[in-house]
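Student: test case, fold it:
(one chain, ligands or ions: 1)
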Amino acid sequence: MKGLGSALRVGLTFDDVLLVPKSSSVRSRKDVDTRSLFSRRIPLNVPIVSANMDTVTESAMAIALARLGGIGVVHRFLPVGDQAAEVSKVKRSEGLVIEDPFTLGPDGTVQEAQDAIESRGIGGIVIVTPGRKLLGLVTARDLVFERNGRRRLREVMTPAARLVTARPGVAMAQAEETLRSHKVEKLPLVDAKGRLAGLVTAKDIVRRKQFPFATKDGKGRLRVAAAVGVKGDYLQRAGSLLDAGADALVVDVAHGHSSLVQEAIRRITKDYGDVEVVAGNVATEKGARDLVRAGAAAVKVGVGSGSICVTRVVTGFGVPQLTAIADSFAGTDGSGVPVIGDGGVRNPGDVTKALAAGASTVMIGSLFAGTEESPGPTILREGARYKLTRGMASLGASIDRRMREGTDRRDPQLVEEVVEESVPEGVEGLIPYRGTVEEVLRQLVGGLRSGMSYCGAGTLQELRSRAEFIRITSAGYKESLPHDIQKVA
Ligand code: XMP
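Tutor: From the prediction side, this is the model:
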């Protein structure tokens, strides 16, 4: 036993401390630079990551966040194929050139085209022969008034002879000019033999201008990460996610300071080569050091810090989040492996504190679970709107997981078994609806930018090196909140 005694360490979290204002030459919060790293090789313009929870990140969240300069981690509580499809939707959502556009044959039906447009979130479908010769194009607009779902696409498509096309390798400025001058939305790229070699869309060009800070790969596609576990089919899952285009894998288990996680990092990099493997969760210097040594491209930090977690009450284990971040940062030993501060962020100021303590990014769960882009419907209760969120170790999540592994039916006996066996470390509940992720992000990043100017920090590195924390008392905490007024807004 270590620790109990006169020198018992104190663990601190966000509400225990404040940052001391520093002399500042930052003229405006607009002038600060919030660039950071998600993992060794994935830079972000905005240091915010959405949590790999089934009530937080699927493709809609990952797309929205990557457009705004952060990144999403698609959760793993889905069959492999479905998780890979979510990754694929993000990768296909935009790009300089869509190299492998979705296609159908001329005998495909209007119904098939409509389904594909809806499920894949695409604006049109290229029609090709089995040898990929371009035959035509069907756009969502072509199908709006089409009543007969069984009609063949050859009858409704715009034939190749009437399409504007370009050669593969066309310069982007030229492609844009062609789209503009012909007033068309899609430019199929066709090689000398008439075969489809890619697609440039006007929507992508507009998006590039609309979201200049988006997190993108070398091909102009949005970046996305995806979670895997350490047991069962995790290696195959990793392979499918990488095939779907995942930019990073996140080996995510509740107790990440374990030989299983280190082995998983090694096996994934052995089998799949040069992959960004993020790992966690840890909460200590030694935990972070061991993951860095095993080859982690970033270390995810937080044990029991999440808003839906009861790990600390159920197991007695955990480290208050700010201390966990500072200690884990120390454990990265200047290796440059970034720390992801995962969980416990309730206010924009918590983001600034986490980054000042050593995190390179902050992972957000429940705050994003209340947004439009999180999976699941909005619930109306007594005139107010809510969304559902749950810990991934909650009873409900465990039941769903067992159902999926088993018969896929909600078998009452199986439910009873899970209830009897499980010791949940998470809870589920309603969270107020918060609008779009863009609105929540604006508050988080706005707070961070102001915080950086209070610190006189032009960059996040400067924030970390200039930051001075001061511990506060409960009276100081009370003073920090609005007080002695009747709040009206
Ligand atoms: P916030 O506070 O942003 O935290 O909602 C999100 C993080 O919480 C973790 N998480 C859990 N932790 N039991 C836990 O102890 C759970 O059931 C659970 N589900 C999620 C996770 O690290 C997430 O990113």
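Student: next, count neighbours for residue 73.
Tutor: Counted with other Cβ atoms under 10 Å, residues neighbouring residue 73 total 30. To be clear about C-beta, it is placed using only N, CA and C from the backbone, and glycine gets the same treatment.
Student: ok, it touching residue 247?
Tutor: No: Residue 73 lies out of contact with residue 247 (Cβ atoms under 8 Å); the separation is 10.5 Å.
Student: find the residues that touch each one of the two.
Tutor: 224-225 (Cβ atoms under 8 Å, 6 or more residues apart in numbering).
Student: so how many other residues sit close to residue 273?
Tutor: 8.
Student: what does the pLDDT read for it?
Tutor: Residue 273 is assigned 91 on the pLDDT scale.
Student: and it, what are its phi and psi?
Tutor: phi 80, psi -130 (degrees, to the nearest 10).
Student: please apply the same query to residue 49.
Tutor: Dihedral angles (degrees, to the nearest 10) for residue 49: phi -130, psi 140.
Student: what's near enough to touch the residue nearest to residue 68 when sequence neighbours are not counted?
Tutor: Distances taken as Cβ to Cβ, 6 or more residues apart in numbering put residue 441 closest to residue 68, at 5.5 Å, once the chain neighbours are dropped. Taking Cβ under 8 Å, 6+ apart, we find residue 441 in contact with 46, 48, 65, 68, 70.
Student: 10 Å instead, please
Tutor: Applying Cβ atoms under 10 Å, 6 or more residues apart in numbering to residue 441 gives the contacts 46, 48, 50, 64-65, 68-70, 364, 367-368, 371.
Student: and residue 86, by the same measure?
Tutor: 57-63, 72, 74-75, 78, 224, 226, 241, 244, 246, 375.
Student: same thing with residue 102?
Tutor: 92, 113, 116-117, 120, 122, 124-126, 199.
Student: which one of those is nearest to the ligand?
Tutor: Distance to the ligand, by Cβ to the nearest ligand atom, is smallest for residue 92 among these, at 25.8 Å.
Student: the closest one: how many residues sit nearby?
Tutor: Residue 92, neighbours per other Cβ under 10 Å, totals 21.
Student: so which residues on the protein come close to the ligand?
Tutor: Selection of the chain residues close to the ligand by Cβ under 6 Å from any ligand atom yields 51, 53, 281, 302, 304, 306-309, 311, 342-345, 363-366, 391-394, 425-426.
Student: let's see 5 Å
Tutor: 51, 306-307, 309, 311, 342-344, 363, 365-366, 391-393, 425-426 (Cβ under 5 Å from any ligand atom).
Student: at which residues are the strands of the stretch 351-489 of the chain located?
Tutor: 361-364, 379-381, 384-390, 428-432, 469-471 (DSSP state E, counting those that start in this stretch).
Student: what does the stretch 151-300 of the chain give?
Tutor: Using DSSP E, counting those that start in this stretch, strands in the stretch 151-300 of the chain cover 158-159, 186-190, 196-201, 225-228, 248-252, 277-282, 298-301.
Student: of those strands, flag the one that's most buried.
Tutor: Mean neighbours per residue, mean count of other Cβ atoms under 10 Å, is largest over these for strand 298-301, with a mean of 31.
Student: tell me the mean pLDDT over it?
Tutor: Rounded mean pLDDT across strand 298-301 is 98.
Student: show me the contacts for the residue nearest the centre of the chain.
Tutor: When Cα atoms, centre = their mean is applied to the chain, the residue found nearest the centroid is residue 72 (0.6 Å). Each residue near residue 72 by Cβ under 10 Å, 6+ apart is listed here: 48-52, 56-66, 86, 90, 215, 222-226, 363, 368, 373, 437.
Student: same deal with residue 387?
Tutor: Per Cβ under 10 Å, 6+ apart, neighbours of residue 387: 55-56, 366, 368-372, 374-379, 430-434.
Student: if we use 7 Å, what do you get?
Tutor: Going by Cβ atoms under 7 Å, 6 or more residues apart in numbering, residue 387 touches 369-370, 374, 376, 378-379, 431, 433.
Student: look at the closest residue to residue 287 other than its chain neighbours and say how many residues are nearby.
Tutor: Spatial nearest neighbour of residue 287, excluding adjacent residues (Cβ to Cβ, 6+ apart): residue 257 at 3.7 Å. As a burial measure, residue 257 scores 20 neighbours (other Cβ under 10 Å).
Student: what does residue 257 show for phi and psi?
Tutor: Taking degrees, to the nearest 10 as the convention, residue 257 sits at phi -90, psi 70.
Student: that one against residue 289, yeah?
Tutor: No: the pair residue 257 / residue 289 is not scored as a contact, 9.7 Å apart, by Cβ atoms under 7 Å.
Student: next one, pLDDT for the closest residue in space to residue 191 that isn't next to it in sequence please.
Tutor: Counting by Cβ to Cβ, 6+ apart, residue 191 lies nearest to residue 197, which is 4.9 Å off, once chain neighbours are set aside. For residue 197, the pLDDT comes out at 95.
Student: what's the answer for residue 407, then?
Tutor: Reported pLDDT for residue 407: 55.
Student: about what we covered before: quick one: contacts for the residue nearest to residue 191?
Tutor: Contacts of residue 197 were listed using Cβ under 7 Å, 6+ apart, and they are 168, 189-191.
Student: hmm, residue 286 is touching residue 331, no?
Tutor: Yes: contact criterion Cβ under 7 Å: residue 286 and residue 331 qualify, at 6.4 Å.
Student: so for the two, which sits in the more crowded spot?
Tutor: Taking other Cβ under 10 Å, residue 286 and residue 331 do not tie; residue 331 has more neighbours (24 against 13).
Student: ok, now how distant is that one from residue 422?
Tutor: From residue 331 across to residue 422, the span is 32 Å (Cβ to Cβ, to the nearest Å).
Student: do the same with residue 376
Tutor: 22 Å.
Student: could you do residue 468 as well?
Tutor: Counting by Cβ to Cβ, the gap from residue 468 to residue 422 is 44 Å.
Student: what's the answer for residue 393, then?
Tutor: 9 Å.
Student: ok, residue 291 next?
Tutor: For residue 291, the distance to residue 422 (Cβ to Cβ) stands at 27 Å.
Student: looking at the two, which one has more neighbours?
Tutor: residue 291 (32 against 15).
Student: dump the residue contacts of the residue in the stretch 1-150 of the chain that the ligand sits nearest to.
Tutor: Here the residue of the stretch 1-150 of the chain nearest the ligand is residue 51; by Cβ to the nearest ligand atom that distance is 3.4 Å. Contacts for residue 51 were tallied using Cβ under 7 Å, 6+ apart; they are 57, 73, 363-365.
Student: buried ones among these?
Tutor: The neighbour-count test (16 or more other Cβ atoms under 10 Å) applied to the contacts of residue 51 identifies 57, 73, 363-365 as buried.
Student: mind putting those into a markdown table with pLDDT?
Tutor: Listed next are these as a markdown table, based on pLDDT from 0 to 100:
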| residue | pLDDT |
| --- | --- |
| 57 | 98 |
| 73 | 98 |
| 363 | 98 |
| 364 | 98 |
| 365 | 97 |
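Student: endpoints of stretch 366-380, how far apart?
Tutor: 18 Å (Cα to Cα, to the nearest Å).
Student: run the chain-centre distance for it.
Tutor: Taking the mean of its C-alpha atoms, stretch 366-380 sits 14 Å from the chain's own mean (Cα atoms, centre = their mean, to the nearest Å).
Student: for it, buried residues please.
Tutor: 366-375.
Student: from those residues, which single one is nearest residue 136?
Tutor: residue 373 (33.7 Å; Cβ to Cβ).
Student: so the closest one makes contact with residue 61?
Tutor: Yes: between residue 373 and residue 61 there is a contact under Cβ under 7 Å: 4.5 Å.
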